[in-house]
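Q: Requesting a structural model of the entry that follows:
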Amino acid sequence: MNKKNGLFLFLTISVISVYACDTIKQELKIRDAVFVGKVISLEKICFKEKYSTRCLYLYKVKFQAEAIYKGKIKSDTIEIFTNESSDGMHGFPFKMQTKYIVYSYYRRSFYNDSEGPFVKKKYLFVHDKTKTCEYNEKEIKELNKHRKPKIVKMRESEP
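A: Below you'll find the model as predicted:
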């Protein structure tokens with residue numbers, strides 16, 4: 001490898017490293033909740049907004065939290081919503097029993113997730129444009145450089 005190619009490779013790797021670090025720092029700044037957790041429930045629901053007769057299908061995803069990097073989360077179980085991942089809806093394709101690093105934000109809306117009355121509710125939401133990804137040590141190391149996690153103690157199962 002000549003000197004020009006070596007320098008180009010070094011600069012490219014440096015830029016990618018800085019970009020990844022800045023992206024994590026930026027995501028921590030703009031997201032309302034950042035956590036590590038395993039999917040324990042995945043339910044497709046009909047979400048109707050007030051004054052609308054059509055269903056917008058969303059997934060209600062429950063996580064068993066392991067570590068919380070950001071957010072006022074008081075439980076070891078965290079519930080978020082995401083769109084379907086098909087038809088250009090930009091949902092995140094979560095899989096059961098898989099561990100993720102989740103970058104989420106709050107939405108407020110009048111809605112019902114059954115045939116009950118409409119309520120105004122604040123809920124955590126994720127789409128495929130956030131940095132949410134399957135768990136990996138490289139991402140965790142970068143997160144730990146910017147913020148120390150609160151480790152979640154799992155509730156013991158009752159006999």
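Q: The one helix or strand residue 67 maps to - which strands sit beside it in the sheet, and in what orientation?
A: According to DSSP states H and E, residue 67 maps onto strand 56-70. Strand 56-70 has its sheet partners listed here by DSSP bridges as strand 33-49 (antiparallel), strand 77-83 (antiparallel), strand 150-151 (antiparallel).
Q: hang on, residue 97 in a strand?
A: No. If the criterion is DSSP: H, G, I helix; E, B strand; the rest coil, then residue 97 is coil and not within a strand.
Q: Residue 38 is in contact with that one, correct?
A: Yes. Residue 97 lies in contact with residue 38 (C-beta atoms under 8 Å); the separation is 6.4 Å. Placement of C-beta: from N, CA and C, glycine included.
Q: Neighbour count for these two, which is higher?
A: More neighbours surround residue 38 than the other of residue 97 and residue 38, with 15 against 9 (other C-beta atoms under 10 Å).
Q: What's opposite the more buried one in the beta bridge?
A: Per DSSP bridges, the residues bridged to residue 38 are residue 64, residue 99.
Q: go on, residue 109?
A: residue 121.
Q: That one and residue 121 touch, don't they?
A: Yes. The criterion here is C-beta under 8 Å, and residue 109 meets it with residue 121 at 6.9 Å.
Q: On the three-state scheme, residue 138 is what?
A: The three-state label given to residue 138 by three-state DSSP is helix.
Q: how far away is it from residue 84?
A: Note on residue 138: its distance to residue 84, by C-beta to C-beta, to the nearest Å, is 29 Å.
Q: Check residue 130 too.
A: The value you get for residue 130 to residue 84, if C-beta to C-beta is used, is 16 Å.
Q: And the two? Which one has more around it.
A: Under the criterion of other C-beta under 10 Å, the comparison of residue 130 against residue 84 puts residue 130 first, with 19 against 15.
Q: Isn't that one up against residue 104?
A: Yes. In this structure residue 130 lies within contact range of residue 104 using C-beta under 8 Å: 7.0 Å.
Q: Find residues that contact each of the two.
A: residue 31 (C-beta atoms under 8 Å, 6 or more residues apart in numbering).
Q: Can I get the strand holding residue 67 in PDB, CA atoms only?
A: Coordinates of each C-alpha in strand 56-70 appear next as PDB, following Å, rounded to 0.1, in the frame of the first residue of the first chain:
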ATOM      1  CA  LEU A  56     -53.100   2.800  11.900                       C
ATOM      2  CA  TYR A  57     -51.500  -0.500  12.900                       C
ATOM      3  CA  LEU A  58     -48.800  -0.100  15.400                       C
ATOM      4  CA  TYR A  59     -46.800  -2.600  17.500                       C
ATOM      5  CA  LYS A  60     -46.800  -2.300  21.200                       C
ATOM      6  CA  VAL A  61     -43.400  -3.600  22.400                       C
ATOM      7  CA  LYS A  62     -42.600  -4.500  26.000                       C
ATOM      8  CA  PHE A  63     -39.000  -4.700  27.100                       C
ATOM      9  CA  GLN A  64     -37.300  -6.200  30.200                       C
ATOM     10  CA  ALA A  65     -34.900  -3.300  30.900                       C
ATOM     11  CA  GLU A  66     -31.300  -4.000  31.900                       C
ATOM     12  CA  ALA A  67     -29.800  -0.600  31.900                       C
ATOM     13  CA  ILE A  68     -31.100   2.900  31.500                       C
ATOM     14  CA  TYR A  69     -28.900   5.600  30.000                       C
ATOM     15  CA  LYS A  70     -31.500   8.400  29.800                       C
END
